[in-house]
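**Q** give me the fold of what follows.
(one chain, ligands or ions: 2)
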Amino acid sequence: MILVTGGAGYIGSHVTRDMLVKGYKVAVLDNLSTGHLEAVDKRAIFIFGDIGDERLLEQVFKRFPIRAVMHFSSSCLVGESVRNPMKYYQNNVEKTIRLINKMLAHQITRLIFSSTCATYGIPTGTVLTEDHGLHPINPYGRSKLMIETILKDLSESNGLHYVSLRYFNVAGAHPSAEIGEDHFPETHLIPNVLQHLQGKTKEVSIFGGDYHTPDGTCVRDYIHVCDLSDAHILALEYLVQSNLVSDIFNLGNERGYSVLDIIKSCEAITNRQARVKVLPKRFGDPPLLVASSEKIRNVLGWIPKHNLEQIIRTAWNWHEKHPEGFPK
Ligand SMILES: NC(=O)c1ccc[n+]([C@@H]2O[C@H](COP(=O)([O-])OP(=O)(O)OC[C@H]3O[C@@H](n4cnc5c(N)ncnc54)[C@H](O)[C@@H]3O)[C@@H](O)[C@H]2O)c1
Ligand SMILES: O=c1ccn([C@@H]2O[C@H](COP(=O)(O)OP(=O)(O)O[C@H]3O[C@H](CO)[C@H](O)[C@H](O)[C@H]3O)[C@@H](O)[C@H]2O)c(=O)[nH]1
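**A** Ligands and ions are numbered 1, 2, ... in the order given. The predicted structure follows:
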């Protein structure tokens, strides 16, 4: 059985579903702070609770035959982390330490960790490889880097085997349109543009129009949540088959799209027109983040299957089918 922390969230719910389809048994541990019970596949065992609750962790690890942990739960908004860093150090660092401590106490030594391209900071070149320097410019990125540092130390001294996946910008929805992204407030670009095109907001805000990028807006590398999910299952198989490995991989599509590119693509796919407003830069936003995913393609044989159009189309189908998101 695989324990999925944060499995009621956007990414964790997609990976949970895919693992169940592949025949894995899954237990989801989630405090529903940003997740939704309705997003959790009914075939999974759902445990309501917090990863910082050591008594609960003790019960979970005693009761279920957990072979590995996929650790998605965290606070994950760059802007909020700048305003409230302690929330990020407590939820992402302190509570993750408690989780790993309990895992090791129960001889559970395989962990897949949701890391982020925010660990890199401002890139020195056009494409980020895993050996790029790590100089995060916001507390969110720093909280994830702290855990990566701890994982590396524990892999050398405590027999922990981990794969840390540095996601770039995750978007899109399950092809069934039964699960998708539902955050409140929504801060991510693609859902914000699509919800505006559904008539839910007056305009789309563009945070910064004078970056040193081709059109002055920030460039990001968007990856479909189902491609990300495939990578998690490959990483899990890698950890299960070899007892000795630990590694770090980028997960992106190796293509950069500006904020304006995204707005234009959303307009073309939905055949609707957006009203945009350029606002000041959002604090903590690097101008350009594009992945090299060569390492994960070579080592795990990961092949992303979705381009930007499919990312936006599946997200649009989800928003059209569930204009209010999951039932509240
Ligand atoms: N969405 C992205 O583009 C992106 C990019 C890079 C990395 N990530 C990472 O991926 C992971 C999942 O992101 P997401 O977009 O699905 O976020 P999400 O907010 O949708 O999901 C996070 C889940 O964790 C749960 N949770 C939070 N704190 C918890 C705690 N202390 N105990 C138990 N459950 C808790 C929430 O209720 C939620 O269900 C995060 O670790 C995030 O940092 C996301
Ligand atoms: O309404 C919006 C929303 C976003 N943006 C811009 O669009 C780009 C993408 O922003 P998102 O909020 O969609 O994503 P981020 O790049 O901030 O964040 C994502 O990537 C980060 C790494 O940098 C973290 O991993 C985080 O969890 C993940 O959501 C940024 O330049 C942002 O300034 C806008 O202009 N308007």
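**Q** what about the one helix or strand in the chain whose mean pLDDT sits lowest, near ligand 1?
**A** Every helix and strand of the chain was ranked by mean pLDDT, DSSP states H and E. The lowest is helix 78-83, at a mean of 90. No. No part of helix 78-83 sits close enough to ligand 1 to count as contact by CB under 6 Å from any ligand atom; the gap is at least 9.6 Å. From N, CA and C alone the C-beta is placed, and that goes for glycine too.
**Q** next secondary structure after the strand or helix carrying residue 233?
**A** Under DSSP states H and E, the secondary-structure element containing residue 233 is helix 225-241. Counting by DSSP H and E, the element after helix 225-241 in chain order, helix or strand, is strand 247-251.
**Q** just the terminal-to-terminal distance for stretch 41-58.
**A** End-to-end distance for stretch 41-58, by CA to CA, to the nearest Å: 24 Å.
**Q** thinking again about what came up before, list the buried ones in the next helix or strand after the least confident helix or strand of the chain?
**A** Tracing the chain past helix 78-83, the next element assigned as helix or strand by DSSP H and E is helix 85-88. Within helix 85-88, the residues scored as buried using 16 or more other CB atoms under 10 Å are 87, 88.
**Q** which residues touch helix 85-88?
**A** Surrounding helix 85-88, the residues in contact under the criterion CB atoms under 8 Å, 6 or more residues apart in numbering are 75, 80, 81, 139, 140, 142, 143.
**Q** picking that back up, give the other helices and strands that the least confident helix or strand of the chain contacts.
**A** Helix 78-83 sits against helix 85-88, helix 139-157, with contacts defined as 3 or more CB pairs under 8 Å, 6 or more residues apart in numbering; DSSP states H and E.
**Q** just those: most buried one?
**A** The densest packing among the helices and strands packed on helix 78-83, expressed as mean neighbour count by mean count of other CB atoms under 10 Å, is seen in helix 139-157 with a mean of 19.
**Q** around ligand 2, which positions in the protein sit nearby?
**A** 76, 78, 116-118, 169, 187-189, 192, 205-207, 218, 220, 259, 282, 285, 289.
**Q** those in helices, which ones?
**A** 78, 189, 192, 259 (DSSP state H).
**Q** roughly how far apart are the first one and residue 221?
**A** Residue 78 sits at a distance of 15 Å from residue 221 (criterion: CB to CB, to the nearest Å).
**Q** just the second one next, same as before
**A** With the distance defined as CB to CB, residue 189 ends up 12 Å from residue 221.
**Q** about what we covered before: who has more neighbours, residue 78 and residue 221?
**A** Neighbours of residue 78 and residue 221, each counted by other CB atoms under 10 Å, are more numerous for residue 221; the result is 24 against 21.
**Q** hmm, residue 289 and that one touching each other?
**A** Yes. Taking contact to mean CB atoms under 8 Å, the distance of 6.2 Å between residue 221 and residue 289 places them in contact.
**Q** give me the common contacts of these two.
**A** The overlap between the contact sets of residue 221 and residue 289 (CB under 8 Å, 6+ apart) consists of 117, 168, 169, 256.
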